[in-house]
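A.B. asks: need a 3D model of the sequence below.
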Amino acid sequence: MRDMKDSGVEWIGKIPKDWELTKIGSAYQERNIKVSDKKYKPLSVTKHGIVPQLENAAKTDNGDNRKLIKRGDFVINSRSDRRGSCGVSEYEGSCSLINTVLQPRKDVNNSYYGFVFRSECFADEFYRWGNGIVDDLWSTKWSSMKRIYIPAPSLEEQCCIADYLKKKCKEIDDIIVKQQKIIEKLNVYKQSIITETVTKGLNSDVELKDSEIEFIGEIPSTWKVCRLRNIGVPQNGISKGGEFFGHGYPFVSYGDVYRNYTLPIHFDGLIDTTDNERKDYSVEKGDIFFTRTSETVEEVGFSSVCEKTIPNATFAGFVIRVRPFDDTLFAGYSKYYFRSSHHRAFLVKEMNLVTRASLGQDLLKSMPVLVPPMGEQKEIAKFLDRKCSAIDDAIETKQKIIHKMVLYKKSLIYEIVTGKREVK
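C.D. replies: Numbering: from 1, shown residues only. Take a look at the predicted model:
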């Protein structure tokens, strides 16, 4: 076991006795050269490193006011709301002024310090040196960053550590990617089961008929086809100023609908509402909610069904509620039907995208709905509950593996770059 000493720096803790400390300003110098993205291609500083500018990145009108990045520079976003966005650049290009670009001085291994700067504890220390108006929007300038202490093992050991962590992190990342691919396949499988079941039923020998809807095709002959306007009446949610939120009564948010097939029983959101508002925007058993607006079509029209009345609750303005006229649809069936692939195909085909994708009530009313006999609806709901629960359990197992590997990777990087764990 190697001999250790107290570094005297809280975020670093103990380091090997033969290691030194240095300040960032001694290992790096700032590259603060203004350039244009017309000459130097725009790059994005992300949690996955420095990459060619992302399509969904916020674009600036002032492309002539950017910072130069050279290959091998370390770049970090100085804002605390971009925590973890940093890396060593493999590209020459330009980035926004909010980023700090560092050129390594001689006698340092850039890859080693790249791992130091990406460690969780360094991120805490980095933003501790920041300042700003609110806690989650602090910015750490170079004048402060350069005074932060970092470990300084010998150049030889820096190289060994960098090589070791590259190898180990790749192994960990490969495991994570493999689990993510399995999760993607499970989600596709789940979606296919839902869509097949709510359009064909459970009896493969049943007589079929043409639904006369192109993207649905044939359906069981005993099923009815109608439009959502025949099922219930749509209504947009409540809209109030920010001062009404955070206290009061339960509030169904956009996220509550987007993330869940069935509305949760308890909500994080609260809103101060009147008696009339709680009556007009109530949340009752059987209600079907749809996400109404988003930046992209892909996030609009996701549904969630209320299976138990939520007293005094209201729902968000970015959501549409459809309240059924009667019990034509079983809630357990609805929660799967409106999450099926053909439902998504209808919305994507019919929706117009201007600056934001928006689901209007007229479009929602025209949505086709397949209505099996009530007994069959309940059988479908019971079958899908069982099948989807098993798939969800498998997904959760894979997500736990990913979470465990992410935590292990963070711990490994910190322990190695501070010498608490020796590379052999």
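
A.B. asks: tell me which helix or strand comes right after the worst-scoring helix or strand of the chain on mean pLDDT.
C.D. replies: Ranking every helix and strand in the chain by mean pLDDT, DSSP states H and E puts strand 357-358 at the bottom, with a mean of 67. Next helix or strand after strand 357-358 toward the C-terminus (DSSP states H and E): helix 361-365.

A.B. asks: what are the pairing partners of the next helix-or-strand element following that next one, and which direction each?
C.D. replies: Remark: after helix 361-365, the chain's next helix or strand is strand 368-371, criterion DSSP H and E. Strand 368-371 pairs in its sheet with strand 224-227 (antiparallel), by DSSP bridges.

A.B. asks: run through who's touching the strand it pairs with.
C.D. replies: 211-213, 219, 365-371 (C-beta atoms under 8 Å, 6 or more residues apart in numbering). For the C-beta atoms, the positions are set from N, CA and C on the backbone; glycine is no exception.

A.B. asks: farthest-separated two in those residues?
C.D. replies: I219 and K365 (20.8 Å; C-beta to C-beta).

A.B. asks: between the two, who's got more neighbours?
C.D. replies: I219 (22 against 16; other C-beta atoms under 10 Å).

A.B. asks: which residues of this structure fall in helices?
C.D. replies: 24-27, 110-118, 120-128, 142-145, 155-200, 254-259, 275-280, 331-337, 341-350, 361-365, 374-417 (DSSP state H).

A.B. asks: which stretch in those helices has the least confidence?
C.D. replies: Mean pLDDT is lowest for helix 341-350 among these, at a mean of 78.

A.B. asks: send the alpha carbons of it over as PDB?
C.D. replies: Taking Å, rounded to 0.1, in the frame of the first residue of the first chain, the C-alpha atoms of helix 341-350 are listed here in PDB:
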ATOM      1  CA  SER A 341     -47.500   3.500 -33.100                       C
ATOM      2  CA  HIS A 342     -50.400   4.100 -35.400                       C
ATOM      3  CA  HIS A 343     -51.600   6.900 -33.200                       C
ATOM      4  CA  ARG A 344     -48.100   8.500 -33.400                       C
ATOM      5  CA  ALA A 345     -48.100   8.000 -37.200                       C
ATOM      6  CA  PHE A 346     -51.400   9.800 -37.500                       C
ATOM      7  CA  LEU A 347     -50.200  12.800 -35.600                       C
ATOM      8  CA  VAL A 348     -46.800  13.100 -37.300                       C
ATOM      9  CA  LYS A 349     -48.600  12.900 -40.700                       C
ATOM     10  CA  GLU A 350     -51.200  15.500 -40.000                       C
END
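
A.B. asks: got the buried residues for it?
C.D. replies: Buried residues in helix 341-350, counting neighbours by 16 or more other C-beta atoms under 10 Å, are found at 341-344, 346-347.

A.B. asks: packing partners of it?
C.D. replies: helix 155-200 (3 or more C-beta pairs under 8 Å, 6 or more residues apart in numbering; DSSP states H and E).

A.B. asks: now the helix it packs on: how far from the chain's centre is it?
C.D. replies: Distance, stretch centre to chain centre, for helix 155-200: 15 Å (C-alpha atoms, centre = their mean, to the nearest Å).

A.B. asks: likewise for stretch 26-39?
C.D. replies: 31 Å.

A.B. asks: can you check stretch 197-215 too?
C.D. replies: With C-alpha atoms, centre = their mean, you get 35 Å for stretch 197-215.

A.B. asks: fine, thanks again, bye for now.
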